[in-house]
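*Asks:* Return atomic coordinates for the entry below.
(chains A and B)
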Amino acid sequence: MSTTVSRWREPSILPGFGLALGITLTALSLIVLIPLAALFLKAASAGPADIWAVATSPRTLAALRLSFLGALFAAAVNAVFGLILAWVLVRYEFPGRRLIDAAVDLPFALPTAVAGIALAAIYAPNGWVGGLLAPYDIKVAYTPLGVMVALIFIGLPFVVRTVQPVLEELPADIEEAAALLGASRWRTVFQVLLPPVLPALMTGFVLAFARAVGEYGSVIFIAGNVPMVSEIAPLLIVIRLEQFDYAGAAVVATLMLLLSFALILLVNLVQARARRRFGNV
Amino acid sequence: MSVAVTIESVEKRFQNFPALRGVSLDIQPGELVALLGPSGSGKTTLLRVIAGLEQAERGRVLFGDIDTRDLSLRDRRIGFVFQHYALFKTMTVGENVAFGLKSRPRGERPEPVEIRRRVAELLELIQLPGLEKRYPSQLSGGQRQRVALARALAIEPRVLLLDEPFGALDAKVRKELRAWLRQLHQRTGHTTVFVTHDQEEALELADRVAILSDGRLEQVGSPDDVYDHPATPFVCEFLGDANHLPVKVVGSQAFFLDRPVLGGLTQNQGGPASLYVRPQHLRIVDDAPLALPGVVEHLRRNGPLRRAEVAVEGLPKRLDVDLASQVAPAIGERVRLRITHGSLFAAA
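*Replies:* Okay, the predicted model is just below:
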């Protein structure tokens, strides 16, 4: 009895494992696993030929390409910009610091449709920013570029909020040590200060990416939604639903799910390797 | 290579708290000096001022005859070992040690082969050969400490500064490293300053000990000097256990409650004074002259020594007495104590 149990349990004297695992599995099944399984079933109901046709149709591929490349690009921009923002918030004391700190969370709180409408208004050719760019023939709203802008907007807090606590806990003495050893400022920042932050930055990148891939509300207002040009995959799913093509919608959704899962798993594996090497970072 | 360090009336305050109030200290080339004091005494601040990590508001620090205010952190060429080592955890041991050499401007940077040779040599020196590929998280505390030292030595520092070098280590490792550091200093001969709050460590390791209290230098001297001839009551009490007796000096004798307890005084003026006596300078004697009667109230073990606590009439605190012989008095026994050595300070 005890030997069969010990195969499952962490050898801990503190009780609670069974109960906690039970609740976890129940909740996870109800909220995540069963709906996802239903999605796969629905997609499978289409039959192999239809699945292939939907999956390889130029419109699907274009939408997936825009969604994933756009999300990757937005997450990359956020990684750089969010890191700098977090650095400024952590390292410098200046008037309005708390205000900016609070404003970072706004993309979390704002209804995404509101964000989309606001961005569209500002970046439209007759908007504040769009008006400045129009003379140079740069169009943001109603183009793929507009999609990126919306995705950057909603992803920013993820990077800032994951990186900030790690930057705060970075020991001050490693910076002093590097300076006394004769390192230039450049070298200190890139070889001493940033490497310990990298795992957190990658987590922020993944979160921002995951959020951007699934984003719908803000994008559809600024994208213009031209098929093959600025139509994102989530919108394509909604369009198929509106045409009562449930299986087709499920196929696109399943593709998105598998791609996202593969990418996130890859990043997590890279991170786990780094963690094993440098101890608990 | 080693230079003299001259500290000239350095003052430093944090907000309104004065951390250093006019500290001056001359350190000879190749000397090993301990900055000793309780927490908040300013010893770490002084070390950081020497390193250039803090700027003094007044006064200056000279390396040889160069004013360090004219030098950048890089040009100061200081080997600094931080209390918590400050190793770069995303770099291997080898990369940590090589960091200073690789950070040199292109013209002065050694060839990669030469850097590798130097790293191997330094790891040999700190007795951790072949650990280049390890990460700091895979090392013990004592090993990390030595890697931090190797990293500091790699830049061929003019001055080596260590902040509580053994503070985070257990007692046994601490003793071993202490002896090892002493040897290393004899071999390499760097001008070395280290901060500690452990008086035993300071006395055992340093050529000279500088004792700080409240941002002021109380006394500087060889370990024998400061231990046997403390300049102030603070130094006397900080450097080890000391019994305190309020006495009155008349002529060449010190009186405790009209009873002469110490004779042969020369340099003191008469009047009320404080007499400090270490436990090993109290001896249980049979004869009466210049002896202090008391009752043994407690016996305890203090490392290799046995110690008796003797109550003396007129003193609120029992006197600590180290027992020289294996035959201990019984509790409740009446004894006489002779003071063999004491430090006398005129009452303020």
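*Asks:* Restricting to C-alpha, output the helix or strand encompassing B:Leu62 in CSV.
*Replies:* Counting by DSSP states H and E, the secondary-structure element that holds B:Leu62 is strand B:58-63. The C-alpha atoms that make up strand B:58-63 are tabulated as CSV, following Å, rounded to 0.1, in the frame of the first residue of the first chain:
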residue,chain,number,x,y,z
ARG,B,58,35.9,66.4,2.9
GLY,B,59,39.4,65.1,3.0
ARG,B,60,41.1,62.9,0.4
VAL,B,61,42.6,59.5,-0.2
LEU,B,62,46.1,59.2,-1.8
PHE,B,63,47.6,56.2,-3.5
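*Asks:* Check which residues of that strand are buried.
*Replies:* Residues B:Gly59, B:Val61, B:Leu62, B:Phe63 are the ones in strand B:58-63 that count as buried (16 or more other CB atoms under 10 Å in any protein chain shown). Where you see a C-beta, it was placed from the backbone N, CA and C, and this is true even at glycine.
*Asks:* what does stretch A:187-205 give?
*Replies:* Counting neighbours by 16+ other CB under 10 Å, one finds that the buried residues in stretch A:187-205 are A:187-188, A:191-205.
*Asks:* Of those, which ones also sit close to chain B?
*Replies:* The subset of the buried residues of stretch A:187-205 within reach of chain B, by CB under 8 Å from any CB of the partner chain, is A:Arg187, A:Gln191, A:Val192, A:Pro195, A:Pro196, A:Leu198.
*Asks:* doesn't the third one fall inside a helix?
*Replies:* Yes: assessed by DSSP: H, G, I helix; E, B strand; the rest coil, A:Val192 belongs to a helix.
*Asks:* Assess the claim that it and A:Leu180 are in contact.
*Replies:* No: the pair A:Val192 and A:Leu180 fails to qualify as a contact (CB atoms under 8 Å) at a distance of 11.8 Å.
*Asks:* Touching both of those two, which residues are there?
*Replies:* Residues touching both A:Val192 and A:Leu180 by CB atoms under 8 Å, 6 or more residues apart in numbering or on different chains: none at all.
*Asks:* What does the pLDDT read for the closest residue to chain A within the stretch 51-200 of chain B?
*Replies:* Proximity of the stretch 51-200 of chain B to chain A (CB to the nearest CB) peaks at B:Ser137, 3.0 Å away. Among the per-residue scores, B:Ser137 shows a pLDDT of 90.
*Asks:* what about it, neighbour count?
*Replies:* B:Ser137 is flanked by 15 other residues according to other CB atoms under 10 Å in any protein chain shown.
*Asks:* if we can go back for a sec, determine which two of the ones next to chain B among the buried residues of stretch A:187-205 are furthest apart.
*Replies:* Across those, the two members that end up farthest from each other (CB to CB) are A:Arg187 and A:Leu198, 16.1 Å apart.
*Asks:* Next, the buried residues of stretch B:295-311.
*Replies:* Across stretch B:295-311, burial judged by 16+ other CB under 10 Å covers B:Val295, B:Val296, B:Arg306, B:Arg307, B:Ala308, B:Glu309, B:Val310.
*Asks:* Quick one: name the residues of chain B near chain A.
*Replies:* Residues of chain B lying close to chain A (CB under 8 Å from any CB) are B:51-53, B:73-74, B:76-80, B:82-84, B:86-91, B:99-100, B:103-104, B:135-138, B:151-152, B:154-155.
*Asks:* In PyMOL, select just the buried ones from those residues.
*Replies:* Filtering these down to the buried ones (16+ other CB under 10 Å) takes a single PyMOL command:
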select buried, chain B and resi 51+52+53+73+74+76+77+78+79+80+82+83+84+86+87+88+89+90+91+99+100+103+104+135+136+151+152+154+155
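*Asks:* Please flag which of the residues of chain B next to chain A sit within helices.
*Replies:* Among the residues of chain B next to chain A, the residues falling in helices (DSSP state H) are B:Ala51, B:Leu73, B:Arg74, B:Arg76, B:Phe99, B:Gly100, B:Arg151, B:Ala152, B:Ala154.
*Asks:* For the residue nearest the centre of chain B, give me the pLDDT.
*Replies:* Residue closest to the mean C-alpha point of chain B, counted by CA atoms, centre = their mean, is B:Ala202 at 2.9 Å. Predicted confidence (pLDDT) at B:Ala202: the value is 92.
*Asks:* Got the confidence number for B:Gln267?
*Replies:* The per-residue pLDDT of B:Gln267 was computed as 66.
*Asks:* Residue ranges in chain A under the pLDDT threshold?
*Replies:* Applying pLDDT under 70 to chain A flags residues A:1-12, A:278-281.
*Asks:* can you do 50?
*Replies:* Low-confidence regions of chain A, defined here as pLDDT under 50, cover residues A:1-3, A:280-281.
*Asks:* how about the residues of it that lie near chain B?
*Replies:* Neighbours of chain B within chain A, by CB under 8 Å from any CB: A:171, A:173-174, A:176-184, A:187, A:191-192, A:195-196, A:198, A:277-281.
*Asks:* before we move on, back to that, between the ones in helices among the residues of chain B next to chain A, which is closest to A:Ala76?
*Replies:* Where those are concerned, and distances follow CB to CB, A:Ala76 has its nearest neighbour in B:Phe99, at 29.1 Å.
*Asks:* May I ask you to confirm that the closest one is in contact with B:Met91?
*Replies:* Yes: at 7.0 Å, B:Phe99 and B:Met91 qualify as touching, with contact defined as CB under 8 Å.
*Asks:* what about A:Val213, which SS state?
*Replies:* Each residue gets one of three states, and A:Val213 gets helix by three-state DSSP.
*Asks:* what helix or strand does the residue nearest to it when sequence neighbours are not counted sit in?
*Replies:* Counting by CB to CB, 6 or more residues apart in numbering or on different chains, the nearest residue to A:Val213 once its immediate chain neighbours are dropped is A:Ala71, at 4.4 Å. Mapping A:Ala71 onto the secondary structure by DSSP H and E places it in helix A:58-91.
*Asks:* Pull out the buried positions in that helix.
*Replies:* Result for helix A:58-91 [16+ other CB under 10 Å]: buried residues A:60, A:62-64, A:66-68, A:70-75, A:77-79, A:82-83, A:85-87, A:89-90.
*Asks:* C-alpha coordinates for the helix or strand following it, PDB please?
*Replies:* Sequence-wise, the next helix or strand beyond helix A:58-91 is helix A:97-103, with elements assigned using DSSP H and E. The C-alpha atoms that make up helix A:97-103 are tabulated as PDB, following Å, rounded to 0.1, in the frame of the first residue of the first chain:
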ATOM      1  CA  ARG A  97       7.400  57.700 -11.400                       C
ATOM      2  CA  ARG A  98       4.500  56.200  -9.600                       C
ATOM      3  CA  LEU A  99       2.100  57.600 -12.100                       C
ATOM      4  CA  ILE A 100       4.000  55.900 -15.000                       C
ATOM      5  CA  ASP A 101       4.300  52.800 -12.900                       C
ATOM      6  CA  ALA A 102       0.500  52.700 -12.600                       C
ATOM      7  CA  ALA A 103      -0.100  53.600 -16.200                       C
END
